[in-house]
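Colleague: generate coordinates for the sequence data below:
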Amino acid sequence: MQQIPYTYWTTPDGWYVGYWNDYPDHSTQGHDLQELEFMLRDLRTFIDEGVFNETPRHAGVMEFA
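Modeller: Okay, the predicted model is just below:
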């Protein structure tokens, strides 16, 4: 069995929000930790099937006076 790390937190209104650490742009939520883990499994299926294409990222620099 493969172990894949994820990050989660609770919002002030009680939702559990999380994402796979390898895919922080693709988050999901649940009413409790069990539902969040179910939704994360579903999300992982979409990721593994290539439904989500990663968008190239760019870095910028800003100056502040």
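Colleague: hey, what's the residue nearest in space to the middle of the chain bridged with?
Modeller: The centre of the chain sits closest to residue 19, judged by CA atoms, centre = their mean, with a distance of 2.1 Å. With DSSP bridges as the criterion, residue 19 is bridged to residue 7, residue 27.
Colleague: which parts of this protein are helices?
Modeller: 33-48 (DSSP state H).
Colleague: which ones are touching residue 16?
Modeller: By CB atoms under 8 Å, 6 or more residues apart in numbering, the residues touching residue 16 are 8-10, 29-33, 35-36. From N, CA and C alone the C-beta is placed, and that goes for glycine too.
Colleague: buried subset of those residues as a ChimeraX selection?
Modeller: To isolate the buried members of the contacts of residue 16 in ChimeraX, using 16 or more other CB atoms under 10 Å:
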select :8,29,30,36
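Colleague: count of neighbours near residue 15?
Modeller: By other CB atoms under 10 Å, the residues close to residue 15 number 14.
Colleague: and the pLDDT for it?
Modeller: With respect to pLDDT, residue 15 has a value of 98.
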